[in-house]
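Asker: what follows is a predicted structure for the sequence shown.
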Amino acid sequence: MFDFDLIVIGAGPGGYEAALHAAKLGLKTAVVERREVGGTCLNRGCIPTKALLHASTVYEETKNGPALGVTADNLSYDLPAMFAYKQQVVEKLRSGIESLFKAAKVTLLRGTGTLTAPNTVTVAGENESVYTAQNILLATGSVPARPPIPGLDLPGVMTSDELLSGEGGDFSSLVIIGGGVIGMEFATFYNDLGVDVTVVEGLDRLLPNMDRELGQNLAMIMKKRGVQVFTGAMVKNLEAVEGGLQVNFETKGKLQSVTGEKVLCAIGRSPYTAGLFGEGVSVEMDRRRIKVNERFETSLPGVYAIGDVSSPVQLAHVATAQGIYAVDEIAGRANDMDLSLVPGCVYVRPEIAAVGLTEADAKAGEIPVKTAKALMSANGRTVILNGDRGFMKLVAHAETKKLLGAQLMCTNASDMISQLSEAIANGQTPADLLRAMRPHPTFEEALTAALEELDSKLS
């Protein structure tokens, strides 16, 4: 009756993982993609950013080698070569996804997918074709947001898309509008290379969606490295001046300005729905996002939406988890993943990772909690690496003793947060986690110290 059991529009982390999962469950599946497979995350986001950060970290650590007895003569960096390395990583992973599609017998349809009628998707590429499916999953992601700030359309103003494409070239100074995850990762990269970096954030701290102490610590570290940081700074306009662009903003009731050769707009991302719905076809919206129910189904029966196009939490792993959950719903299969428990990672130095409730969240929700913190300055592995200031903070329910949240700021934080996510999801207490021995010398030893302190407070 239908060409496919499932058509997925969008081959980003949510779309391609959902398609592969559907094929594994025996559903005849197709994926529509107008650009490269892998979506924003692989091609213009997570992966290329981290590849560049790896390159700049190698350069930064080599510069600091003499303190460890390691000297490199005539040290320099080659920005085009860094971007070439980034592209090699992207293309290797992109090729891997296409190979997985072939192995799983997922049909890849090249072109722009439009929902033109119930159970019907029109794909416009070199030719226009019409396909039908019992179920349709929308996973079109998001694009960089450009708020209506006067001058934000001037030459020299970039979003992360333009910057990662290499269009910005080499420059000596950069103003970043936005002190969230995207802004601070690029601030780290360009600061490593010796670029004069300024960050202008509208809210009262960096990383405003995370624990206050994380943003405050990061601001101190970045200032120590020579980055100018302005918080509580609302940008009024941009104007072209000799040598670059001037960003005018208001902070503490005073007008100030900073100038950079280039400006990066890193204020956030907007759901991408352009061309997604044909004439006479629409779904219920929640402002700019597609509205879905607990099954990720839209107001149109049999049409689902996941990831950045429908979720207020715009993270690749959220899109993946939602895509797999939606496919399980379509297949009538149980999925017990706790989708409300979302780990977040920031690949600055030291890394930041968090999951669950912060102490401020608990206070706002009138939840009785106890907290504990271990400083990384007392951690042997951190001292060996001459690491920056950092900590591990844990939050537990004062009565049930169950772990509710964790905030890490240390080397390899992104690789350690999952064990705490699992502990929270499974209702474990600090005492439960202390049953496991942690090796020495490791960063995880600080976790043992925090758990011991928290367990003592809960006793």
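Answerer: Received the coordinates, thanks. Residues are numbered from 1 along each chain as shown.

Asker: quick one: the helices in the stretch 51-200 of the chain?
Answerer: 79-104, 160-165, 181-192 (DSSP state H, counting those that start in this stretch).

Asker: tell me which of those helices sits nearest to A233.
Answerer: helix 181-192 (12.5 Å; C-beta to C-beta). Backbone N, C-alpha and C define where each C-beta goes, glycine included.

Asker: which residues sit against that closest one?
Answerer: Residues outside helix 181-192 that contact it (C-beta atoms under 8 Å, 6 or more residues apart in numbering) are 49, 52-53, 56-57, 59-60, 160, 163, 174, 176-177, 197, 199, 201, 206-207, 218, 222, 225-227, 264, 266, 344, 346-349.

Asker: mark which of these are buried, thanks.
Answerer: Buried subset of the contacts of helix 181-192 (neighbour count, 16 or more other C-beta atoms under 10 Å): 49, 52-53, 56, 59-60, 160, 163, 174, 176-177, 197, 199, 201, 206-207, 218, 222, 227, 264, 266, 344, 346-349.

Asker: among those residues, which are located in strands?
Answerer: Members of the buried ones among the contacts of helix 181-192 lying in strands (criterion: DSSP state E): L174, I176, I177, V197, V199, L264, G344, V346.

Asker: farthest pair in these?
Answerer: Taking C-beta to C-beta, no two of those sit farther apart than L174 and G344, at 24.5 Å.

Asker: ramachandran coordinates for T371?
Answerer: Phi and psi for T371, reported as degrees, to the nearest 10, are phi -130, psi 160.

Asker: where's it relative to V342, distance?
Answerer: As for T371, its distance to V342 is 20 Å (criterion: C-beta to C-beta, to the nearest Å).

Asker: can you pull out the helices in the stretch 301-450 of the chain?
Answerer: Using DSSP H, counting those that start in this stretch, the helices assigned to the stretch 301-450 of the chain run over residues 316-331, 359-364, 380-384, 413-425, 430-433, 445-458.

Asker: list of residues touching the longest one?
Answerer: What it means is helix 316-331. For helix 316-331, the external contacting residues (C-beta under 8 Å, 6+ apart) are 6, 8, 12-15, 17-18, 21-22, 25, 27, 41, 45-46, 135, 137, 139, 141, 295-297, 304, 306-308, 311, 334-335, 337, 339, 342-343.

Asker: before we move on, what about stretch 253-262?
Answerer: Contacts to stretch 253-262, defined as C-beta under 8 Å, 6+ apart, come from residues 156-158, 168, 171-175, 196, 198, 200, 228, 230, 233, 236, 241, 243-250.

Asker: quick revisit: please check the contacts of helix 316-331 and keep the buried ones.
Answerer: Neighbour counting by 16+ other C-beta under 10 Å classes 6, 8, 12-15, 17-18, 21-22, 25, 27, 41, 45-46, 135, 137, 139, 141, 296-297, 304, 306-308, 311, 342-343 among the contacts of helix 316-331 as buried.

Asker: what's the distance between the most centrally placed residue in the chain and Q88?
Answerer: Taking C-alpha atoms, centre = their mean, the centroid of the chain lies closest to L315, which sits 4.8 Å from it. For L315, the distance to Q88 equals 25 Å [C-beta to C-beta].

Asker: next: G26.
Answerer: On the measure of C-beta to C-beta, G26 and Q88 end up 36 Å apart.

Asker: how long is stretch 261-280 end to end?
Answerer: 47 Å (C-alpha to C-alpha, to the nearest Å).

Asker: could you do stretch 178-197 as well?
Answerer: Its first and final residues considered, stretch 178-197 spans 12 Å by C-alpha to C-alpha.

Asker: so for that stretch, what's the average pLDDT?
Answerer: Mean pLDDT, computed over stretch 178-197, is 97.

Asker: please apply the same query to stretch 71-79.
Answerer: Stretch 71-79 comes out at a mean pLDDT of 94.

Asker: buried sites along it?
Answerer: The neighbour-count check on stretch 71-79 (16+ other C-beta under 10 Å) flags Y77, L79 as buried.

Asker: try stretch 440-459
Answerer: 443-451, 453-455, 458.

Asker: repeat for stretch 204-218
Answerer: Buried, per 16+ other C-beta under 10 Å, within stretch 204-218: R205, L206, L207, M210, D211, E213, L214, G215, N217, L218.

Asker: follow-up on the earlier one: tell me the contacts of the residue nearest to the centre of the chain?
Answerer: L315 touches V342, G344, counting by C-beta under 8 Å, 6+ apart.

Asker: I'd like the distance from it to N64, if you could.
Answerer: 32 Å.

Asker: count of neighbours near the closest residue in space to D432 that isn't next to it in sequence?
Answerer: Spatial nearest neighbour of D432, chain neighbours left out: A423 (7.1 Å); criterion: C-beta to C-beta, 6 or more residues apart in numbering. Using other C-beta atoms under 10 Å, A423 is surrounded by 21 other residues.

Asker: now the closest residue to T112 other than its chain neighbours: how far from I9?
Answerer: Ranked by C-beta to C-beta, 6+ apart and with sequence neighbours excluded, the top spatial neighbour of T112 is R34, at 4.4 Å. R34 sits at a distance of 9 Å from I9 (criterion: C-beta to C-beta).

Asker: what touches both of those two?
Answerer: Shared contacts of R34 and I9, counting by C-beta under 8 Å, 6+ apart, come down to G113.

Asker: looking at the two, which is more packed in?
Answerer: Relative neighbour count places I9 above the other of R34 and I9, with 26 against 17, counting by other C-beta under 10 Å.

Asker: tell me the contacts of the more buried one?
Answerer: Neighbouring residues of I9 by C-beta under 8 Å, 6+ apart: G15, V31, V32, G113, L115, V121, I136, L137, L138, A139, T140, L276.

Asker: make CSV out of those and add pLDDT.
Answerer: Putting the contacts of I9 into CSV (pLDDT from 0 to 100) gives the following:
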residue, pLDDT
G15, 97
V31, 98
V32, 97
G113, 96
L115, 96
V121, 96
I136, 98
L137, 98
L138, 98
A139, 97
T140, 96
L276, 95
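
Asker: closest to A104 out of those?
Answerer: Of all the contacts of I9, A104 sits closest to V31, with 10.5 Å by C-beta to C-beta.
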